[in-house]
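> Generate a structure from the sequence data that follows.
(one chain, ligands or ions: 1)
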Amino acid sequence: MKRIGVLTSGGDSPGMNAAIRAVVRKAIFHGLEVYGIYYGYAGLINGDIEKLELGSVGDIIHRGGTKLYTARCEEFKTIEGQKQGIEQLKKFGIEGLIVIGGDGSFRGAEKLVEHGYPTIGVPGTIDNDIPGTDYTIGFDTALNTIIDAIDKIRDTATSHERTYVIEVMGRDAGDLALWSGLADGAETIMVPEVDDDMEDIIKRLKRGHDRGKKHSIIVVAEGAGSGVDIGKEIQEKTELETRVTVLGHIQRGGSPTAQDRVLASRLGAKAVELLLEGEAGKMVGIEKNELVSHNIDEALSRQHALDEKMYKLSQELSI
Ligand code: F6P
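All right, here's what the predicted structure looks like:
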């Protein structure tokens, strides 16, 4: 293999730049040429492709977002789109591809593999919802952004003795809500994986208030329900003054934490090693702090599971 490509796809995550840098530098270290594909699979279809040099990835390790830009591409879900993408890769003489992204991006990578094209996936998403890795690139940074925000909200919640509902990202996965709720001592954590009983939540809030609690924090993953609706219901049924904050895309930006930069560097480099070893159709990951690889199709066939012990602990600590 002489020439490889790299793209970022789907929702961006802090640390993607560090992963791109690792791919480019590791590949050049081993004598490969690297081509950057802009705007994810959309750029692949359109041939928005450029050679990257050592200097192309200088001064990006500490930056959020992705230097290669990203997109969610419907066209690549079609066989036509996939074939066009492979044509472009062939036109540029690119013999293997590294895809940095979440589960949707991995599904695209799986399609390339089905067409016989060597592709390796690097898990990059704030959601931490890819089976086959304990952590995804960007999760730690997003988590710390949320914690910083909740700490600030907590100050004003105490001053006004209010109840706060904070909606965090996570359409299908509750990791951001669970980890931030646990780290911030939230009274209630609502995740998509668990069917919550609103009446029970209301009862517990009232009980806490009667016991003299000055404020309450409720962290809701967007997939568990609308923070605004939940806030309204709580205000109506508890008569506690309630405010809602939807953190939104602030969670996806910012300079990556040391944890994410190191993770991204390790995973990006590992992906290049796999291509050099002639592997295809694999994703890289980290399990118990060891770098691992799994077949993408096998990883995608599994459901990301919420850490039940951690969820139970969060409940025990918020009585
Ligand atoms: O997958 C990452 C993520 O940030 C999810 O948590 C969220 O549901 C989604 O992307 C939002 O996507 P978009 O930025 O396209 O609205």
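> for the protein, which helix is longest?
Longest helix of the chain, by residue count under DSSP state H: helix 139-160.
> and that one, is it in reach of the ligand?
No: residues of helix 139-160 contacting the ligand under C-beta under 6 Å from any ligand atom: none, with a closest distance of 8.1 Å. All C-beta atoms are positioned from the backbone trio N, CA, C, and that covers glycine.
> in that helix, what's buried?
For helix 139-160, a neighbour-count test (16 or more other C-beta atoms under 10 Å) marks 139-146, 149-150, 153-154, 157 as buried.
> JSON lines for these, including pLDDT and distance to Ile100?
Converted to JSON lines, those look like this (pLDDT from 0 to 100; distance: C-beta to C-beta, whole Å):
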{"residue": "Phe139", "pLDDT": "98", "distance to Ile100": "14"}
{"residue": "Asp140", "pLDDT": "98", "distance to Ile100": "16"}
{"residue": "Thr141", "pLDDT": "98", "distance to Ile100": "15"}
{"residue": "Ala142", "pLDDT": "98", "distance to Ile100": "16"}
{"residue": "Leu143", "pLDDT": "98", "distance to Ile100": "19"}
{"residue": "Asn144", "pLDDT": "98", "distance to Ile100": "21"}
{"residue": "Thr145", "pLDDT": "98", "distance to Ile100": "20"}
{"residue": "Ile146", "pLDDT": "98", "distance to Ile100": "22"}
{"residue": "Ala149", "pLDDT": "98", "distance to Ile100": "26"}
{"residue": "Ile150", "pLDDT": "98", "distance to Ile100": "28"}
{"residue": "Ile153", "pLDDT": "97", "distance to Ile100": "32"}
{"residue": "Arg154", "pLDDT": "95", "distance to Ile100": "34"}
{"residue": "Ala157", "pLDDT": "95", "distance to Ile100": "37"}
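> how near is the nearest residue to His62 once chain neighbours are set aside to the ligand?
Setting aside the residues directly before and after it, His62 is nearest to Ser255 in space (C-beta to C-beta, 6 or more residues apart in numbering), at 5.3 Å. Distance from Ser255 to the ligand, counting by C-beta to the nearest ligand atom, to the nearest Å: 17 Å.
> Contact partners for Ser255?
Counting by C-beta atoms under 8 Å, 6 or more residues apart in numbering, Ser255 makes contact with Pro14, His62, Arg63, Gly64, Thr141.
> which one of those sits closest to the ligand?
Proximity of the contacts of Ser255 to the ligand (C-beta to the nearest ligand atom) peaks at Pro14, which lies at 11.4 Å.
> Helix, strand, or coil at that closest one?
Assigned by DSSP: H, G, I helix; E, B strand; the rest coil, the conformation of Pro14 is coil.
> Could you do Met310 as well?
Using three-state DSSP as the criterion, the local structure at Met310 reads helix.
> ok, it - contacts?
Met310 makes contact with Leu178, Trp179, Leu182, according to C-beta under 8 Å, 6+ apart.
> Take these and keep only those in helices.
Under the assignment DSSP H, these contribute Leu178, Trp179, Leu182 to helices.
> Tell me how many other residues surround Lys213.
When neighbours are defined as other C-beta atoms under 10 Å, Lys213 has 14 of them.
> From Gly121, how far out is it?
Using C-beta to C-beta, to the nearest Å, Lys213 is found at 45 Å from Gly121.
> about what we covered before: the longest helix of the chain - contacts with which helices or strands?
Under the contact criterion of 3 or more C-beta pairs under 8 Å, 6 or more residues apart in numbering; DSSP states H and E, helix 139-160 touches strand 163-168, helix 175-183, strand 216-221, strand 242-246, helix 258-276.
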